[in-house]
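S.K.: build me a model:
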Amino acid sequence: MNEQLLLERVRDAAPVSRPELARATGLSKPTVALALSSLERDGLVRVAGHRTGVRGPSAVLYELRPEAGFILGLDVGREYIRGALADLSGAVRARASRRSQTSSGRGRLKELASLGDDLLRSAGAPRSRRVLQTVVGSPGVFDPVRGAVRMAGNLPGWEAPSVLTELRRTFGEETVIENDVDVAAVAERDHGHGRDAATFAFVSIGTGIGMGLVIDGQLHRGAHGGAGEIAYLPVTAGSADPRDVRSRGALEASASSSAIVRAAREVGLDGYLSAQRVFAAAAAGDERARRVVEEEATLLAKALASIVAVVDPELIVLGGGIGGAPGFAAQVAAKLSRLAPFAPEIRVTALGQDAVVDGCLAVGLEQAWQRVLASR
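M.R.: Okay, here's the model as predicted:
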């Protein structure tokens with residue numbers, strides 16, 4: 001217990017001296033010295049220097065040894081996979097992102113393994129017991145009974161129970177799968193606009209659509225882990241494919257990036273199209289593209305009005321390729337103000353494409369710390 005107490009204090013107050021630790025914890029100086037020696041011997045803390053310029057002998061200062069453990073965060077999507085490696089202090093040692101070249105679950109597992117190896121190699125941290133926690137941010141909801149992801153229709157083969165087994169075989173038993181938008185909301189709470197909001201929603205619109213909900217500072221998961229699966233809200237456009245509505249949800253079938261491309265073709269836009277190109281055409285004055293973007297803003301505003309009526313968040317943060325499109329947040333806010341009983345502030349995430357990875361690291365760091373403390 002003494003070592004746990006001192007380790008947490010060193011983490012929060014470093015660099016810190018033995019007398020300062022004794023005063024802060026109420027432990028005797030001999031007890032502090034004995035516990036610090038044990039923590040230093042096990043490679044968890046180290047001497048950081050000496051405090052000079054004060055009366056009496058210079059004091060030895062201690063700090064956490066960051067290399068005592070690493071946390072691996074991975075973001076798996078249909079088009080891209082991203083990752084980062086952080087040390088036990090939370091400092092990011094390496095980042096990487098690459099376009100996915102596969103459409104199968106097995107292929108995606110191989111890509112993640114390769115990405116993880118590259119991150120560890122870049123940081124000079126070969127895979128070993130020092131990787132204390134791996135967190136994989138994924139679309140869908142993890143079902144602990146089946147040990148598998150559900151509702152990940154954008155990732156063929158990803159819902160098989162063997163996926164988690166293979167992930168743990170590759171990265172270690174301390175590997176968990178978290179909903180990607182949930183962990184993005186955690187990152188927004190810790191590092192983004194959510195720092196100043198007790199209750200907010202992080203809404204991601206891109207290849208898929210999802211929401212992470214923070215209520216009174218805590219991530220709200222719901223009874224089955226499905227809180228925030230707004231893709232299934234019955235908000236739909238007339239052009240939505242009924243098969244997509246059944247498999248992906250009405251809102252996602254009507255307002256995701258593929259739905260925007262489909263709507264653009266229906267109004268006569270041709271050539272190579274992507275959601276980004278449709279938004280660019282609208283910004284350049286193309287009336288057909290402008291109508292598509294306006295319908296997209298209307299659909300999203302209707303979905304957000306439901307969230308506002310139920311949760312009453314003080315802030316809604318938009319992310320994803322569509323959510324972060326220039327000027328789109330203002331369009332959504334204008335339409336929402338006419339639909340909802342209250343008008344929360346709407347902002348675009350400042351975390352960009354790293355939101356999911358940073359959330360994985362935040363969740364993984366907390367889990368790793370609990371394991372380190374429990375091991376004392």
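
S.K.: now Y232: closest residue in space, sequence neighbours ignored.
M.R.: Nearest residue to Y232, sequence neighbours excluded (Cβ to Cβ, 6 or more residues apart in numbering): G249, at 3.7 Å. Quick note: C-beta positions are derived from backbone N, CA and C, even for glycine.

S.K.: quick one: contacts for that neighbour?
M.R.: Applying Cβ atoms under 8 Å, 6 or more residues apart in numbering to G249 gives the contacts 209, 229, 231-233.

S.K.: which of these has the most neighbours?
M.R.: Most neighbours among the contacts of G249, by other Cβ atoms under 10 Å: I209, with 31 neighbours.

S.K.: isn't that residue up against A255?
M.R.: Yes - with contact defined as Cβ atoms under 8 Å, I209 counts as touching A255 (6.3 Å).

S.K.: what's the average pLDDT for stretch 192-205?
M.R.: In this model, stretch 192-205 carries a mean pLDDT of 96.

S.K.: name the SS class of A184, please.
M.R.: Of the three states, A184 takes helix under DSSP: H, G, I helix; E, B strand; the rest coil.

S.K.: give the next helix or strand downstream of the longest helix along the chain.
M.R.: Counting by DSSP state H, the longest helix found in the chain is helix 287-311. Under the assignment DSSP states H and E, the closest C-terminal helix or strand after helix 287-311 is strand 315-319.

S.K.: where does pLDDT dip in the chain?
M.R.: Scanning the chain for pLDDT under 70 picks out the ranges 52-57, 126-129.

S.K.: show me it divided up by domain.
M.R.: 2-64, 68-180+355-374, 193-350 (automatic domain parsing).

S.K.: first to last residue in the longest one, what's the distance?
M.R.: Between the start and the finish of domain 193-350 there is a gap of 7 Å, counting by Cα to Cα, to the nearest Å.

S.K.: any chance of the domains of the chain in a markdown table, plus distance to V186?
M.R.: As requested, the domains of the chain are exported to a markdown table (distance: least, Cβ to Cβ, whole Å):
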| stretch | distance to V186 |
| --- | --- |
| domain 2-64 | 19 |
| domain 68-180+355-374 | 4 |
| domain 193-350 | 6 |
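
S.K.: for A187, find the nearest of the ones you listed.
M.R.: Minimum separation from A187 across these (Cβ to Cβ) falls at domain 68-180+355-374, 3.7 Å.

S.K.: end to end, how far does the closest one reach?
M.R.: The straight-line separation of the ends of domain 68-180+355-374 (Cα to Cα) is 15 Å.

S.K.: mind listing what's buried in stretch 130-146?
M.R.: Neighbour-count burial for stretch 130-146, counted by 16 or more other Cβ atoms under 10 Å, picks out 131-143.

S.K.: could you do stretch 86-99 as well?
M.R.: For stretch 86-99, by 16+ other Cβ under 10 Å, it's 86-88, 92-96.

S.K.: how about the contacts made by the closest residue to A350 other than its chain neighbours?
M.R.: Spatial nearest neighbour of A350, chain neighbours left out: G192 (5.5 Å); criterion: Cβ to Cβ, 6+ apart. G192 is in contact with 317, 349-351, 355, counting by Cβ under 8 Å, 6+ apart.

S.K.: want to try JSON lines for those, with distance to R106 and secondary structure as columns?
M.R.: Shown next, in JSON lines, are the contacts of G192 (distance: Cβ to Cβ, whole Å; DSSP: H, G, I helix; E, B strand; the rest coil):
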{"residue": "V317", "distance to R106": "34", "secondary structure": "strand"}
{"residue": "T349", "distance to R106": "32", "secondary structure": "coil"}
{"residue": "A350", "distance to R106": "36", "secondary structure": "coil"}
{"residue": "L351", "distance to R106": "30", "secondary structure": "coil"}
{"residue": "A355", "distance to R106": "27", "secondary structure": "helix"}
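
S.K.: if any of those are buried, put those into a PyMOL selection.
M.R.: To isolate the buried ones among the contacts of G192 in PyMOL, judged by 16+ other Cβ under 10 Å, type:
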select buried, resi 317+349+351+355
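
S.K.: nearest to Y80, of the contacts of G192?
M.R.: Nearest to Y80 out of the contacts of G192 is A355 (Cβ to Cβ; 12.8 Å).

S.K.: can you name the residues that contact the closest one?
M.R.: Here A355 is in contact with 184, 187-188, 192, 202, 319, 349 (Cβ under 8 Å, 6+ apart).

S.K.: at 7 Å instead, please
M.R.: Going by Cβ atoms under 7 Å, 6 or more residues apart in numbering, A355 touches 184, 187-188, 319, 349.

S.K.: that one - nearest residue in space that isn't next to it in sequence?
M.R.: Leaving aside its sequence neighbours, A355 sits nearest to A184 (Cβ to Cβ, 6+ apart; 4.0 Å).

S.K.: just give the number of residues close to the one you found.
M.R.: Neighbour count for A184, taken as other Cβ under 10 Å: 32.

S.K.: tell me who's in contact with it.
M.R.: 202, 204, 212, 319, 355-356, 359.

S.K.: want to throw those into a markdown table with secondary structure and distance to T298?
M.R.: Shown next, in a markdown table, are the contacts of A184 (DSSP: H, G, I helix; E, B strand; the rest coil; distance: Cβ to Cβ, whole Å):
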| residue | secondary structure | distance to T298 |
| --- | --- | --- |
| F202 | strand | 21 |
| S204 | strand | 19 |
| G212 | strand | 23 |
| G319 | strand | 20 |
| A355 | helix | 25 |
| V356 | helix | 27 |
| G359 | helix | 29 |
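
S.K.: out of the residues you listed, which is most surrounded?
M.R.: Busiest of those [other Cβ under 10 Å] is F202, holding 35 neighbours.

S.K.: leaving out the residues flanking it, which one is nearest to that residue?
M.R.: A185 (3.9 Å).
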